[in-house]
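Participant: Predicted coordinates and the sequence they were generated for:
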Amino acid sequence: MNITLETRSPAQVETQALVGYVFDEDPVSGRVAELGPASDVLRRLAKNDELTGKSLEITYIHAPQGLAAERLLIIGAGKKGKFDNAQLRKLASVALRHLKARGVKRLVFLAREDGATADAAQAVTEGLVLGDFEGDKYKTGDKKNSGAFESAALAGWDAKSGADKAIEKGRIIAEAQNFARSLANEPANYLTPKVLADRAAEMARENGLGCDILDETRIAELKMGALLSVAQGGPEPPRMIVITYNPPNAAPGSPVLALVGKAVTFDTGGISIKPAADMDKMKFDMSGGAAMIATMKALSKLKPAIKVIAVVPSTENMPGGRAQKPGDVQVSMSGKTIEVLNTDAEGRLILADGVTYARKLGATHLVDAATLTGAIVVALGAVNAGVFGTNQAFTDRVLASAKAAGEKMWPMPMDDEYREMMKGTIADLQNISGGRYAGAITGAMFIREFAEDTPWVHLDIAGTAWLDDAKPWMAKGGTGTPVRTLVDLAMNFNSKK
């Protein structure tokens, strides 16, 4: 989709749809109140309570008098005091998806005079690109909403606002997020660990990034016993994907940010097999790894000032004849031994070797993302990702990036008492605690053992990486979280925010 700035008066722009947004305190205000006869129609609707400004309310007018646009679409933005760029991003997605379902292919999005900032232009652009994504790749029949939007323009922004650069940045980030979504949506028979590695390598080549794919032989040579233990239950060999961005003129001793992502391309639970219900969704158990690969795609174009490494351990977790058994002891790359009490707690096993390898590659700061536990979904639902960290300053920096990027995250406790729950009986560690409680925290505590003294943040995205049902602003399936947060973190790593 081509997205540009529109400098003409909104009333003069010839387009299939002009889109504006209003607040519930005053439904016809700002530039929406300056659309001539069309504004008069909106005022009559507001007087009759047919236009209220309530969040996501749609008002749709065909052939609006006095406008060159074929349609006028007004979206309710709710209360002005609660409105931010995250809501603006959502409104843009809602507008595009609403219009796209009705055959519209071109729109102009109108800013309010007090909201025409560069950040707002980026948010609108992200919303438009994210809203244009569909998860129907394998449908062969009629795809009502699958045709890509042709063009969009942003009106109301001053040419000196920096909006043109913000549009390009928003497009890069949203396209990367959509790349992560497309990977998460892939069926497991099409996206094996090897295929994921091939896709990552292809992306790296196209974008000038360094890439190293460790096959099962090199993984064994490096003694990544935790990753190999998960992989041994099925015929598909594991891969360790390493993608590197090197900034120009980086000073010696500069920070190195490592992004470690869980990429279990299908998770049956192994011998501790999952219930049949919803097991089909376990293809998205590689969403953390997909997000890290996609983040690197964005960073290759945005060019942060620090070195960034993505480390993505990838495997299937199958219950074949060679599968590891509850009670087995495995030796991780770090040399720490692990008593496997439940083979469905496999994500933390492969992350253990991923985090260890990232540290070996020189990481000074670590962020891992994983669809790790059902416990975090019980705690936070599908609203917030759980955030766990060892270094408060670094954790706060990640949370600040999440807020800036509009991805909801919530800090979780990491008290030493939880660490005791992961001590093994016959090995250094056990991969689940002995009790029923605090499963998300104890899972994070397990990974923490391998981060050691390196500043580390763990993102449990089990509740936020997948949409079970389509929303007005997003198609069903993978969400691509936390790509926007990680991009913001890398781009602003040396700032004081």
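Facilitator: Right, received. Where do you want to start? Numbers count the residues shown, from 1 in each chain.
Participant: how about residue 94, what does it touch?
Facilitator: 56, 58, 75, 131, 472-473 (CB atoms under 8 Å, 6 or more residues apart in numbering). Yep, even glycine has a C-beta here, placed from its N, CA and C like the rest.
Participant: When you filter those down to buried only, what's left?
Facilitator: Among the contacts of residue 94, those scoring as buried are 56, 75, 131, 473 (criterion: 16 or more other CB atoms under 10 Å).
Participant: and residue 459, how many neighbours?
Facilitator: The tally of other residues near residue 459 (other CB atoms under 10 Å) stands at 29.
Participant: again, but for residue 369
Facilitator: Other residues lying near residue 369 total 29 when counted by other CB under 10 Å.
Participant: Likewise for residue 80?
Facilitator: Residue 80: 16 surrounding residues under other CB under 10 Å.
Participant: cool, residue 277 as well?
Facilitator: Each residue near residue 277 was counted by other CB under 10 Å, and the total is 7.
Participant: Who are the packing partners of the lengthiest strand in the chain?
Facilitator: Selection of the longest strand in the chain by residue count, based on DSSP state E, yields strand 307-317. With contacts defined as 3 or more CB pairs under 8 Å, 6 or more residues apart in numbering; DSSP states H and E, the secondary structure elements packing on strand 307-317 are helix 193-206, helix 225-231, strand 239-245, strand 256-261, strand 263-267, helix 287-302, helix 347-360.
Participant: ok so, going back, can you tell me which of the contacts of residue 94 is nearest residue 455?
Facilitator: Proximity of these to residue 455 was ranked by CB to CB; the top entry is residue 473 with 34.0 Å.
Participant: dump the residue contacts of the closest one.
Facilitator: Residues in contact with residue 473, defined by CB under 8 Å, 6+ apart, are 90, 93-94, 97, 127, 130-131.
Participant: Which of those residues fall within helices?
Facilitator: Judged by DSSP state H, the subset of these located in helices is 90, 93-94, 97, 127, 130-131.
Participant: Could you single out the nearest of those residues to residue 465?
Facilitator: Minimum distance to residue 465 across those is 14.7 Å, recorded for residue 130 (CB to CB).
Participant: State the pLDDT value of that closest one.
Facilitator: On pLDDT, residue 130 comes in at 98.
Participant: wait, it sits on residue 177?
Facilitator: Yes - because the distance of 6.4 Å satisfies CB atoms under 8 Å, residue 130 is recorded as touching residue 177.
Participant: I'd like the buried ones among the contacts of residue 94 laid out as JSON lines, including distance to residue 309 and secondary structure.
Facilitator: Rendered in JSON lines, the data for the buried ones among the contacts of residue 94 read as follows (distance: CB to CB, whole Å; DSSP: H, G, I helix; E, B strand; the rest coil):
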{"residue": "56", "distance to residue 309": "40", "secondary structure": "coil"}
{"residue": "75", "distance to residue 309": "41", "secondary structure": "strand"}
{"residue": "131", "distance to residue 309": "32", "secondary structure": "helix"}
{"residue": "473", "distance to residue 309": "32", "secondary structure": "coil"}
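Participant: quick one: secondary structure of residue 464?
Facilitator: Secondary structure, DSSP: H, G, I helix; E, B strand; the rest coil: residue 464 is coil.
Participant: Report the buried residues of stretch 84-103.
Facilitator: By neighbour count, with 16+ other CB under 10 Å as the criterion, the buried positions of stretch 84-103 are 85-100.
Participant: okay, among the buried ones among the contacts of residue 94, which ones form the most distant pair?
Facilitator: Of all pairs drawn from the buried ones among the contacts of residue 94, the greatest distance, 12.9 Å, lies between 56 and 131 (CB to CB).
Participant: picking that back up, list the strands paired with the longest strand of the chain, with their directions.
Facilitator: strand 239-245 (antiparallel), strand 256-261 (parallel), strand 263-267 (parallel) (DSSP bridges).
Participant: Can I get those in TSV including mean neighbour count and mean pLDDT?
Facilitator: Rendered in TSV, the data for the strands paired with strand 307-317 read as follows (neighbours: other CB atoms under 10 Å; pLDDT from 0 to 100):
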stretch	mean neighbour count	mean pLDDT
strand 239-245	25	98
strand 256-261	28	98
strand 263-267	28	98
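Participant: To residue 114, which of these lies closest?
Facilitator: With respect to residue 114, and counting by CB to CB, the nearest of the strands paired with strand 307-317 is strand 256-261 at 35.5 Å.
Participant: chain center to that closest one: distance?
Facilitator: Going by CA atoms, centre = their mean, to the nearest Å, the spacing between the C-alpha centre of strand 256-261 and its chain's C-alpha centre is 15 Å.
Participant: how close does residue 153 get to residue 443?
Facilitator: If you measure residue 153 against residue 443 using CB to CB, to the nearest Å, the figure is 46 Å.
Participant: Give me the more crowded residue out of these two.
Facilitator: Here residue 153 and residue 443 are compared on neighbour count by other CB under 10 Å; more neighbours surround residue 443, at 29 against 20.
Participant: After the longest strand of the chain, which helix or strand is next? Please name it.
Facilitator: In the C-terminal direction, the helix or strand that comes right after strand 307-317 (DSSP states H and E) is strand 329-331.
Participant: Which strands and helices lie in contact with that next one?
Facilitator: Packing contacts for strand 329-331, counted by 3+ CB pairs under 8 Å, 6+ apart, involve helix 225-231, strand 337-339.
Participant: Now do it: everything it contacts.
Facilitator: By CB under 8 Å, 6+ apart, the list of residues contacting strand 329-331 from outside reads 223, 225-226, 229, 324, 337-340, 349, 426-427.
Participant: Which one of those residues is nearest to residue 162?
Facilitator: Among the contacts of strand 329-331, and counting by CB to CB, the member closest to residue 162 is residue 349, at 45.7 Å.
Participant: The closest one contacts residue 232, correct?
Facilitator: No - the pair residue 349 / residue 232 is not scored as a contact, 11.5 Å apart, by CB under 8 Å.
Participant: Between the two, which is the more surrounded one?
Facilitator: Looking at residue 349 and residue 232 with other CB under 10 Å, you find the greater number of neighbours at residue 349, namely 30 against 20.
Participant: any chance of the contacts of strand 329-331 in a markdown table, with pLDDT and distance to residue 404 too?
Facilitator: Conversion of these to a markdown table gives the following (pLDDT from 0 to 100; distance: CB to CB, whole Å):
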| residue | pLDDT | distance to residue 404 |
| --- | --- | --- |
| 223 | 98 | 40 |
| 225 | 98 | 39 |
| 226 | 98 | 34 |
| 229 | 98 | 39 |
| 324 | 98 | 41 |
| 337 | 98 | 41 |
| 338 | 98 | 37 |
| 339 | 98 | 41 |
| 340 | 98 | 39 |
| 349 | 98 | 33 |
| 426 | 97 | 46 |
| 427 | 98 | 41 |
